[in-house]
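Engineer: okay, sequence plus prediction incoming.
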Amino acid sequence: MSELFPRKQVMGFIFSMVLTAVALGVYFFDMSFAVGMTVLLITAFLQAGLQLVVFMHAGETDDKAAIYTNVYYGLFMALFTVFGTLLVLIWDVG
Amino acid sequence: MEFFERFAIPHPSIAIYASMVAAGLTLIAVLAGLTYFKKWGYLWREWITTVDHKRIGIMYLISALLMLFRGGVDAIMMRAQLAVPDNKLLDSQHYNEIFTTHGVVMILFMAMPFIIFFMNFVIPLQIGARDVAFPRLNALSFWLFFMGAMLFNISFMVGGSPDAGWTSYFPLADTDSVGTNYYMIAIQIAGIGTLMTGINFMTTILKMRAPGMTLMKMPMFTWSAFIANVIIVFAFPVLTVALAFGTMDQLFGTQFFTLDNGGMAMLWANLFWVWGHPEVYILILPAFGIYSEIISTFSKRNLYGYKSMVASMVLISVLSFVVWAHHFFTMGQGAMANSIFSITTMAIAVPTGVKIFNWILTLWKGKIEFTTPMLYSILFIPLFTLGGVTGVMLAMSAADYQYHNTMFLVAHFHNVIIPGVVFAMLAGLTYYWPKMFGFMLNERIGKWTAWLLSIGFLLAFMPMYVTGLDGQARRMYTYSESTGFGPMNMVSFVGAAIMAIGFVLIVYNIYYSVRYASRDISADPWDARTLEWATHTPVPHYNFAITPEVASSEAYWDYKKKNHELYKGDYEKIHMPNNSGIPFVMSCIFFGWGFSLIFSLWIPAIITTIGIFVCMTLRSFEKDHGHYVSVKEIEDTESELRGA
């Protein structure tokens, strides 16, 4: 019976609930903007990764390599664009 | 009457009224011709509703050629205006509208569809597939692009053209006229089509290759198009968002790009180039792929450095996203940001240089055959390298303060786009023409064209480097005689006129070859190397009677020379998609939707929005399983094509 039990999915579900609860904590507990934002960003990225891997089956088919390459490529582009934009428009205004 | 006043053009001239009459007469002539020759049914069945990648490709080609002439006429008008000092041919407003239209049309409605024509026509054949992954989506892509392009093209006759440059920088673009609305919404509609194309071809290339064709056995054009489509999928959403912000600023009074209320005009420039820089690689990479195919075919050698070609393209695809700020070095960021973007920009020269050396080394000791496509490719190498070198000059942010917004920049980007992209398009057009239409274009006229375009190009753009360094600003509609820019600009105009003759020769070549070219040619007239030449001419709608099996990156060459077996097994029934009118109808509704939004006609805007969703709903609930081509039908078609 233990092979039939969807352990990974149940664990994933519990973990995603925990992440949601932690994110919700930002609203209920009084913390500084920086701390709150950090908590939200970290839980958001963990949540997105969890959904992608566990519930959207990113690694379970032959397309595994293509899917992960795509995700990493997209992440790189997004992060570079966001931080590059911040650099150009806010951090390094000459 | 008040209702109709909004459609009047704010700044009329005789030329615009003449174009209106000409456009009206052309439209009437086309409609009357179709009726007189009873071609409406044929047009609907064979072209408007088609999902065949080859036909959609040809429709892209026709649109691209039409837009090439539209953009070309704009270019000639600009060069004529600047040919002598203090010229009165055009006034400043018309000049602004013309350079804006020239830029948008040439990049988005000429170069893009030309590239997508090659991807549509060549890729399924080159990878041994029957069609693209999503044939109906492909039709929708085309019709959305077409309607977007048409919407943009009527702007100068209805309501007024955009006039803030193809970059449409805010706050300059923030005007009360409908020009900017046209820009935002027409490009949005065409852009959605392009994004769909990107997804479609990524899927096609990843999932539908012939058995045996691993990624590292894909022909170079397929590789280059694959990388270009990856860039499309990652870059175009940024344009979509930027245009949506701009549209909301224009129509609903939001403040994304305004100067007050928390708006930030620089954000537009930033987002525009986050898309705009990758866009230039979307154009140039497939062009490089076409050169790779042509140079290899006419050197009678396999491509030198296949792996380094692929690696450099992958590297370019990453670098293309990390350099955008070099388009506005002078707009206020500090030395650190500029240094970072300077270095990433210069880094792009490395993989590009690798590709140039690979082509030269393919030619080295090759058995070179000087056909028209090869002539374009040989001319491309030195001319493009000149553009690349001036690009590295522009990449140095300190020096860019001298070059920025001058004719030097204009000379640079035309120097990469014309020999890089336009020559590749014309070379590829000549190269694939016999596969499309069953006869060759005339070689003699073709070579004349190539030389005229090259000489015209040098005359038109080399003087701009000089006047640019002397301080002639870009987009200035006139200049005084004391600046001394006069003679150089006259040379430029002569060059532009020679290029115009070259483009007229292309039309004449098509006319001449339709009339006189021999129809008795083989399916492989260039003795080429890749799979698209392994099927019949004309290509049957199912492409290959038997799916080819591939063992190398030059499957057809090895089939001819090394006795590789391409077609194993017998005929089997073939599953093909059905035609559909929905993509065309939906795109027409999109046209109406765009037009309503541009002029703030809210009731038709709501009706057309509902219409778009109705089309999508119909598609969702439609049961369409395609159809089968029977073995009998395949046998008949094949024996007929073999006999011919």
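Structural biologist: Received it, and whenever you're ready, just let me know what you need. Numbers count the residues shown, from 1 in each chain, chains lettered A, B, ... in the order given.
Engineer: and residue B:161, how many residues sit next to it?
Structural biologist: By other CB atoms under 10 Å in any protein chain shown, the residues close to residue B:161 number 28. In short, each C-beta sits where N, CA and C put it, glycine included.
Engineer: what helix or strand does residue 68 sit in?
Structural biologist: Assuming you mean chain A. helix A:64-86 (DSSP states H and E).
Engineer: wait, chain B was what I had in mind.
Structural biologist: Going by DSSP H and E, residue B:68 is in helix B:53-82.
Engineer: what parts of the stretch 151-300 of chain B come near chain A?
Structural biologist: Neighbours of chain A within the stretch 151-300 of chain B, by CB under 8 Å from any CB of the partner chain: B:206, B:230, B:234, B:238, B:264, B:266, B:267, B:270, B:274.
Engineer: hang on, the fourth one in a helix?
Structural biologist: Yes: counting by DSSP: H, G, I helix; E, B strand; the rest coil, residue B:238 falls inside a helix.
Engineer: next, find the distance separating the closest residue to it other than its chain neighbours from residue B:86.
Structural biologist: Spatial nearest neighbour of residue B:238, excluding adjacent residues (CB to CB, 6 or more residues apart in numbering or on different chains): residue B:275 at 4.4 Å. Separation of residue B:275 from residue B:86 (CB to CB, to the nearest Å): 38 Å.
Engineer: what does residue B:485 give?
Structural biologist: From residue B:485 to residue B:86 the distance is 11 Å (CB to CB).
Engineer: more neighbours: the two, which one.
Structural biologist: residue B:485 (25 against 9).
Engineer: and the residue of the stretch 451-600 of chain B nearest chain A?
Structural biologist: Among the residues of the stretch 451-600 of chain B, residue B:550 lies nearest to chain A; the distance is 19.0 Å by CB to the nearest CB.
Engineer: cool, the stretch 201-350 of chain B as well?
Structural biologist: residue B:334 (3.3 Å).
Engineer: quick check: that residue touching residue A:93?
Structural biologist: Yes: between residue B:334 and residue A:93 there is a contact under CB atoms under 8 Å: 6.4 Å.
Engineer: near chain A, which residues of chain B show up?
Structural biologist: Checking chain B against chain A by CB under 8 Å from any CB, the hits are B:206, B:230, B:234, B:238, B:264, B:266-267, B:270, B:274, B:318, B:321-322, B:324-325, B:332-337, B:340-341.
Engineer: hmm, back to that, what's the farthest-apart pair in the residues of the stretch 151-300 of chain B next to chain A?
Structural biologist: Spanning the widest gap among those are B:206 and B:264, at 38.4 Å by CB to CB.
Engineer: how many neighbours does residue B:198 have?
Structural biologist: Neighbours around residue B:198, by other CB under 10 Å: 24.
Engineer: how about the one 5 residues further on?
Structural biologist: The number of residues packed around residue B:203, counting by other CB under 10 Å, is 15.
Engineer: in the stretch 351-500 of chain B, which spans are helices?
Structural biologist: Ranges of helices in the stretch 351-500 of chain B, per DSSP state H, counting those that start in this stretch, are B:372-395, B:397-403, B:407-417, B:423-437, B:443-469, B:486-516.
Engineer: let me see the contact set for residue A:71.
Structural biologist: A:52, A:58 (CB atoms under 8 Å, 6 or more residues apart in numbering or on different chains).
Engineer: from residue B:83, how far off is residue B:491?
Structural biologist: 9 Å.
Engineer: surely residue B:383 meets residue B:415?
Structural biologist: Yes: counting by CB under 8 Å, residue B:383 does reach residue B:415; the two are 7.1 Å apart.
Engineer: neighbour count winner among these two?
Structural biologist: residue B:415 (25 against 20).
Engineer: surely that one is in contact with residue B:386?
Structural biologist: Yes: counting by CB under 8 Å, residue B:386 is a contact partner of residue B:415 at 5.9 Å.
Engineer: check contacts around residue B:405.
Structural biologist: Applying CB under 8 Å, 6+ apart, we find residue B:405 in contact with B:330, B:473, B:474, B:475.
Engineer: burial count for the residue nearest to the last one when sequence neighbours are not counted?
Structural biologist: Distance criterion CB to CB, 6+ apart; nearest residue to residue B:475, sequence neighbours excluded, is residue B:99 at 5.8 Å. Burial of residue B:99 is recorded as 22 neighbouring residues (other CB under 10 Å).
Engineer: residue B:99 and residue B:315: what is the separation?
Structural biologist: Applying CB to CB to residue B:99 and residue B:315 gives a distance of 33 Å.
Engineer: ok, back up a step: buried sites along the helix holding residue A:68?
Structural biologist: A:67, A:70, A:73, A:77, A:80, A:81, A:84, A:85 (16 or more other CB atoms under 10 Å in any protein chain shown).
Engineer: pretty sure residue B:90 contacts residue B:79?
Structural biologist: No: with contact defined as CB under 8 Å, residue B:90 does not count as touching residue B:79 (11.1 Å).
Engineer: these two touch, right, residue B:159 and residue B:176?
Structural biologist: No: the criterion here is CB under 8 Å, and residue B:159 misses it with residue B:176 at 11.6 Å.
Engineer: the two - which one has more neighbours?
Structural biologist: Using other CB under 10 Å, the more surrounded residue of residue B:159 and residue B:176 is residue B:159, with 20 against 8.
Engineer: show me which residues of chain A sit near chain B.
Structural biologist: Residues of chain A lying near chain B (CB under 8 Å from any CB): A:63, A:66, A:73-74, A:76-77, A:80-81, A:84-85, A:87-89, A:91-94.
Engineer: give me the contact list for stretch B:635-644.
Structural biologist: Here stretch B:635-644 has contacts from B:536, B:538, B:540, B:545, B:571, using CB under 8 Å, 6+ apart.
Engineer: can you tell me which of those has the most neighbours?
Structural biologist: Counting by other CB under 10 Å, top hit in the contacts of stretch B:635-644: residue B:545 with 21 neighbours.
Engineer: now the stretch 401-550 of chain B against chain A: closest residue?
Structural biologist: Closest point on the stretch 401-550 of chain B to chain A, by CB to the nearest CB, is residue B:401, at 12.0 Å.
Engineer: quick one: residues contacting that residue.
Structural biologist: Contact partners of residue B:401, counting by CB under 8 Å, 6+ apart, are B:329, B:330.
Engineer: related to what we said a few turns ago, how much space between the residue of the stretch 201-350 of chain B closest to chain A and residue B:271?
Structural biologist: 20 Å.
Engineer: just say helix, strand or coil for the residue of the stretch 51-200 of chain B at minimum distance from chain A.
Structural biologist: The stretch 51-200 of chain B approaches chain A most closely through residue B:199 (11.6 Å), counting by CB to the nearest CB. Three-state call for residue B:199 (three-state DSSP): helix.
Engineer: so which helix or strand takes in residue B:606?
Structural biologist: helix B:602-621.
Engineer: a markdown table for the residues of the stretch 151-300 of chain B next to chain A, including neighbour count, secondary structure and distance to residue B:370?
Structural biologist: Output for these, formatted as a markdown table (neighbours: other CB atoms under 10 Å in any protein chain shown; DSSP: H, G, I helix; E, B strand; the rest coil; distance: CB to CB, whole Å):
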| residue | neighbour count | secondary structure | distance to residue B:370 |
| --- | --- | --- | --- |
| B:206 | 15 | helix | 37 |
| B:230 | 24 | helix | 35 |
| B:234 | 22 | helix | 39 |
| B:238 | 22 | helix | 43 |
| B:264 | 16 | coil | 54 |
| B:266 | 19 | helix | 50 |
| B:267 | 16 | helix | 51 |
| B:270 | 23 | helix | 46 |
| B:274 | 24 | helix | 42 |
